[in-house]
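Colleague: Quick one, what's the 3D model for this:
(chains A and B, ligands or ions: 2)
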Amino acid sequence: MLLKTVLTRLATTVVTLFGVAVVVFTLVRVAPGNPIAMMLPPGATEEDIANLTRLYGFDKSLPEQFVIWLGGVLQGDFGTSITLRQPVMELVLGRLPATLELSFMALVIAVALGGTIAVIGARKRGTGTEVGLDLTNGAVLSVPDFLWGLIFVLLFGVLWPVLSISGRVDPRLDIDFTTNFYVIEGLLRGRLDVVGSTLSHMLMPAMSLALPLAAMIAQLLKQSLKEVLHLDYTTLARVRGFSETAVILREALRNAALPTLTLIGVQFTFLIGGTVIVERIFAYEGLGNMAIDAVINRDLPLIQGIVILFAALFIVINLLVDLSYTLLNPRLRHG
Amino acid sequence: MSSLHAHTLDVIKLNIALPNGHRLLRNVSLTLEPGEVRALVGESGAGKSMIGKSVLGILPPNVAITEGEILLEGQHLNMMTPPTRRKIVAQSAALIPQDPLTALNPVRKIGPQIIDPLVRIQGWNAREAETRALDLLDRVHIRDPKRVMQSYPHELSGGMRQRVLIAAAFAPSPRLIVADEPTTALDVTVQKQILRLIRELQQETGTAVLFVTHDMGVVAKISQKVTVLFAGKVMEDAPTREVFTNPQHPYTRALIAATPSYADLERPFSPVPASLIADLHAQIAQDDLLYRGGRI
Ligand SMILES: Nc1ncnc2c1ncn2[C@@H]1O[C@H](COP(=O)(O)OP(=O)(O)OP(=O)(O)O)[C@@H](O)[C@H]1O
Ligand SMILES: [Mg+2]
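Modeller: Ligands and ions are numbered 1, 2, ... in the order given. Here you go, the predicted model:
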């Protein structure tokens, strides 16, 4: 039973990734703009261009190019970046930790903030506090992540400059880490200076990404909590002496969490999508920022690598969300 | 004062109402002595559950007590702050709910649902609480208590779940149990078993029970006293035997006549006459006018 599920899952993953590969490979090639012409200095001759085109294999037919590229990919070789002249795999994996740490920090902020507001709203249901929270949520939700980014830059970078608005870490710090997971490795190595500097650089971009999701979580979770809170087993818990807050946290939360979990699963992939622009705003050295450069420079191998990696990331996230359903709901555990 | 202390529950001239002034309970008074079972009968909407909820402090948010007293073991509940009240109620009273399908948390195992309140609210240690839970599951005739403690509610039948809920209600040794139509949601055959079980445990433990039902047959089987309720007003309050042998109020007589009799299957079944209901409503409307007139 379990084996069958895993195999089905694996098969769909392969098919999905292949589909993504075909689409992105075709799209970047039919889109206007010649990558070779862009990398040569203005005085280059037709012959120079032809030579380089041949070198990168752009003279072959599209299916031929695809087969060659796919052959490389299957051996772990995503080609070489045209602009940066380094293996795509190396570049992408070097930037991935920055984006992962940023996305997870945003997710943690969104869940903590949204969850807290939902619990307070459910606790104060039917009062002015609930109305106030609802209105605030609505307002927060109507501002997209990149606008929050700009607002934060203006507030805490310009008007009241307390936070750094650019980069991932203080460049003066001496960082000789083996990975680019500055927060995690910093914690493991006890380099709190690196951790602190990275977190303070991440705070504003992470908040920008987190706020809209936090508002969504707050609204949906509060609604689900309110529905659960007039079910009989919560009433029984009150009779048994549990306070309203204890009833919400102990009895209602797990039952109410399922719809919110689905929301988070879907929205987290959007959030990672949002890193592309937000990283740009804060000059944060992540995958998204690199993606924009790659598109501007028509760096086809790099674009392909980044897109495939994002797709794989989305698939993994969906898998994790499905797994957590099973953990939350005992009825799904059997059969 | 000392005579009040002897009672497990005193409800004195209780009035509850909606925000628009609509009255749901009208000067309801009733008393439960230790170890006594009092049936609360009346048709659907009479306010039976509202009495239980008032006592346990779980009235819906839009319903408020407007007048009257509730004394649980001599303590004035409606003069307490909500946290104190919650503690007092949890220490002296428990609820057996109507629908066992919705009264257990679907994502938590049975064991913790019985044990948690004992540990976190009653202050027992974990070992004592577990022993107590196993003992009670055994006493409600659950065959494999250890396994049931490890089960989720969806793995048990409706009857089994109601047994679990009865065990949970008796676990902290309450002096009062409110049983709100505890058999209505069950199969007829299971109903009888559950009724017998509640009576059995009640007699063993000497717990007073406020037993809500609309079935006069059940009243006869389980209670010593009866309160007959109509539209939130007490029609009759008497020992069960007297209510059946010599009912005082016409509504009580109509209710008895409306119940198919087990003893006398020949007796024709007759619904409560509409003219009587109209009369009662007219009286109550007049009461309400006087009640408001008296207050303004
Ligand atoms: N949340 C609520 N808001 C407003 N009115 C309510 C609410 N709950 C119950 N009522 C009304 O209060 C009255 C008494 O309800 P209650 O539940 O006590 O009746 P009952 O005698 O227990 O009936 P049943 O046998 O159907 O359980 C009914 O008329 C009902 O419509
Ligand atoms: Mg009821």
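Colleague: which helices and strands sit right next to the helix or strand where A:Val28 lies?
Modeller: The secondary structure element spanning A:Val28 is helix A:2-30 (assigned by DSSP states H and E). Identification of packing neighbours for helix A:2-30 by 3 or more Cβ pairs under 8 Å, 6 or more residues apart in numbering or on different chains; DSSP states H and E yields helix A:62-74, helix A:300-328. Heads up, the C-betas are built off the backbone N, CA and C, glycines and all.
Colleague: which one of those helices lies closest to A:Ala106?
Modeller: With respect to A:Ala106, and counting by Cβ to Cβ, the nearest of these is helix A:300-328 at 13.2 Å.
Colleague: And B:Asp10, its phi and psi?
Modeller: Dihedral angles of B:Asp10 (phi, psi; degrees, to the nearest 10) stand at phi -130, psi 120.
Colleague: now do the one 4 residues further on
Modeller: Per-residue torsions, B:Leu14: phi -80, psi 130 (degrees, to the nearest 10).
Colleague: so who does the residue nearest to it when sequence neighbours are not counted touch?
Modeller: Distances taken as Cβ to Cβ, 6 or more residues apart in numbering or on different chains put B:Gly68 closest to B:Leu14, at 3.6 Å, once the chain neighbours are dropped. B:Gly68 is in contact with B:Val11, B:Ile12, B:Lys13, B:Leu14, B:Asn15, B:Asn27, B:Val28, B:Asn78, counting by Cβ atoms under 8 Å, 6 or more residues apart in numbering or on different chains.
Colleague: Distance-wise, check whichever residue of the stretch 101-250 of chain A sits closest to ligand 1 relative to B:Leu197.
Modeller: Closest approach of the stretch 101-250 of chain A to ligand 1 (Cβ to the nearest ligand atom) occurs at A:His230, with a separation of 9.1 Å. Counting by Cβ to Cβ, to the nearest Å, the gap between A:His230 and B:Leu197 amounts to 28 Å.
Colleague: More neighbours: the two, which one.
Modeller: Between A:His230 and B:Leu197, counted using other Cβ atoms under 10 Å in any protein chain shown, B:Leu197 has the larger neighbour count: 20 against 11.
Colleague: Tell me where the model's unsure across the stretch 151-296 of chain B.
Modeller: Under the criterion pLDDT under 70, the flagged ranges of the stretch 151-296 of chain B are B:260-269, B:293-296.
Colleague: Show me where it has its strands.
Modeller: For the stretch 151-296 of chain B, applying DSSP state E, counting those that start in this stretch gives strands covering B:176-180, B:208-212, B:225-230, B:233-239.
Colleague: Name the nearest residue to the residue in the stretch 1-150 of chain B positioned nearest to chain A, sequence neighbours excluded.
Modeller: With Cβ to the nearest Cβ, the shortest gap between the stretch 1-150 of chain B and chain A falls at B:Ala90, namely 2.8 Å. Using Cβ to Cβ, 6+ apart and skipping the chain neighbours, the partner closest in space to B:Ala90 is A:Gly241 (2.8 Å).
Colleague: these two touch, right, the one you found and B:Ile121?
Modeller: Yes: contact status for A:Gly241 versus B:Ile121: in contact at 3.8 Å, counting by Cβ atoms under 8 Å.
Colleague: if we can go back for a sec, list the buried residues in the helix or strand that the helix holding A:Val28 is followed by.
Modeller: Counting by DSSP H and E, the next helix or strand C-terminal to helix A:2-30 is helix A:35-39. By 16 or more other Cβ atoms under 10 Å in any protein chain shown, the buried positions in helix A:35-39 come out as A:Pro35, A:Ile36, A:Met39.
Colleague: can you check stretch B:114-128 too?
Modeller: For stretch B:114-128, a neighbour-count test (16+ other Cβ under 10 Å) marks B:Ile114, B:Ile115, B:Asp116, B:Pro117, B:Leu118, B:Val119, B:Ile121, B:Gln122, B:Trp124 as buried.
Colleague: just stretch B:78-86 next, same as before
Modeller: By 16+ other Cβ under 10 Å, the buried positions in stretch B:78-86 come out as B:Arg85, B:Arg86.
Colleague: Just the CA atoms from that stretch would do, formatted as CSV, please.
Modeller: Once non-C-alpha atoms are left out, stretch B:78-86 reads as follows in CSV (Å, rounded to 0.1, in the frame of the first residue of the first chain):
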residue,chain,number,x,y,z
ASN,B,78,-23.4,33.3,39.5
MET,B,79,-21.6,35.5,41.9
MET,B,80,-18.2,34.1,41.0
THR,B,81,-15.7,35.2,38.4
PRO,B,82,-15.7,32.9,35.4
PRO,B,83,-12.3,31.2,36.3
THR,B,84,-13.4,30.5,39.9
ARG,B,85,-16.8,29.2,38.7
ARG,B,86,-15.1,27.0,36.1
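Colleague: What parts of chain B come near ligand 1?
Modeller: Applying the criterion Cβ under 6 Å from any ligand atom, the portion of chain B that neighbours ligand 1 consists of B:18, B:24, B:42, B:44-50, B:60, B:62-63, B:214.
Colleague: So how do I select the buried members of those in PyMOL?
Modeller: Buried residues within the residues of chain B next to ligand 1, by 16+ other Cβ under 10 Å, are selected in PyMOL with:
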select buried, chain B and resi 24+42+46+47+48+49+50+63+214
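Colleague: can you tell me which two in the residues of chain B next to ligand 1 are farthest apart?
Modeller: Greatest spatial distance among those (Cβ to Cβ): B:Asn62 and B:His214, at 24.0 Å.
Colleague: I'd like the distance between A:Gly33 and A:Ile296.
Modeller: According to Cβ to Cβ, A:Gly33 and A:Ile296 sit 10 Å apart.
Colleague: circling back: out of the contacts of B:Gly68, which two sit at the greatest distance?
Modeller: Farthest pair in the contacts of B:Gly68 (Cβ to Cβ) is B:Asn27 and B:Asn78. Separation: 15.2 Å.
Colleague: on that earlier part again, list the buried residues for the helix holding A:Val28?
Modeller: For helix A:2-30, burial by neighbour count (16+ other Cβ under 10 Å) applies to A:Thr13, A:Val20, A:Ala21, A:Val24, A:Phe25, A:Val28.
Colleague: you'd agree the third one is up against A:Val73?
Modeller: Yes: taking Cβ under 8 Å as the definition, A:Ala21 is a contact partner of A:Val73 at 7.4 Å.
Colleague: what is in contact with the two at once?
Modeller: By Cβ under 8 Å, 6+ apart, A:Ala21 and A:Val73 have these common neighbours: A:Ile308.
Colleague: For whichever helix or strand B:Gly111 is part of, give me every contacting residue.
Modeller: When elements are assigned from DSSP H and E, B:Gly111 belongs to helix B:110-120. The contact list for helix B:110-120, computed with Cβ under 8 Å, 6+ apart, reads A:237, A:240-242, A:250, B:90, B:104-105, B:124-126, B:128-130, B:132-133, B:136-137, B:148-153, B:156, B:164, B:167-168, B:171-172.
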